[in-house]
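Engineer: Mind folding the following:
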Amino acid sequence: MAYDLDQVEQIFNKLSYLVKGELDEQHQAGRIKGTEYADVFNQLMQTALTLSYEGPLKDKQVEDQEYITQNIRPAELEKLQADRALTDANRFLAEANTQLTSSKDADQQYITSNIRPQELANMVQDEKIKKQQELLTARQIEGFDDNVRQKMLEIQMNGWAMAFSSGMLECIPCIIDNDEMTDLYCYMKEQASVPGDCGTDCSEVPCANSANSRKKKRTNG
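Structural biologist: This is a model prediction of the structure:
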């Protein structure tokens, strides 16, 4: 440590003056003899010199202590508080992440346990409804075709009935007694689940001019 020599000299001079004055007073009073005077003076000067150096040192220590108290310690305290705040913030962040992870896990568990099975059930139900709609559409199309056939057959049958009732015809004319009409009649009868008037098979039409009769004649001939 570097000392302020001017300050040391000032302190030493003041102490030396006090020591010398005290020794002179004691010597004049006869309390200190000539030989003792030199020994005591030497010891006191050594003490004065030591105190001259200790004074600035203590002042420096006091000054340093005050500086530490006023500057370093507040800075250390501030740093300590900042470190503590950072530690608290990190702990809070870790707890928040843990809660967030737990929340995500809970949401995922809920989705796995509830939403996904429900979505699967909805998909199955939607597929069933779609198939039912397709079947219904196909049946409606078939129904339209059936209605056309029924109307056509109804018109023809009404025409034939009117012709027979008026005595104009004794049997079905060959011009309208063809295989397609026979097939149509049989199909419509099967669709309606209505037995024939005579209770026989549809191919057995009681008319000599029918298509099946003609086929039988050609086969037998």
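
Engineer: can we go C-alpha only for contacts and neighbour counts from here?
Structural biologist: Will do.

Engineer: Tell me how far Lys104 lies from Asp83.
Structural biologist: Here Lys104 is placed at a distance of 31 Å from Asp83 (Cα to Cα, to the nearest Å).

Engineer: Ok, Leu135 next?
Structural biologist: 74 Å.

Engineer: for the protein, which helix is longest?
Structural biologist: For the chain, the helix with the greatest residue count under DSSP state H is helix 116-165.

Engineer: Could I get the average pLDDT for it?
Structural biologist: Mean pLDDT, helix 116-165: 76.

Engineer: For Glu9, grab the count of nearby residues.
Structural biologist: Glu9: 14 surrounding residues under other Cα atoms under 10 Å.

Engineer: helices and strands around the helix or strand harbouring it, which ones?
Structural biologist: Per DSSP states H and E: Glu9 is located in helix 5-28. The elements that helix 5-28 packs onto, with contact taken as 3 or more Cα pairs under 8 Å, 6 or more residues apart in numbering; DSSP states H and E, are helix 34-67.

Engineer: Also compute the angle for the next helix or strand after the helix it packs on relative to helix 116-165, please.
Structural biologist: As assigned by DSSP H and E, the chain's next helix or strand after helix 34-67 is helix 73-110. Compare the direction of helix 73-110 with that of helix 116-165 by axes from the mean of the first three to the mean of the last three Cα atoms, to 10 degrees and you get 30 degrees.

Engineer: Since that was my last question, I'll sign off now.
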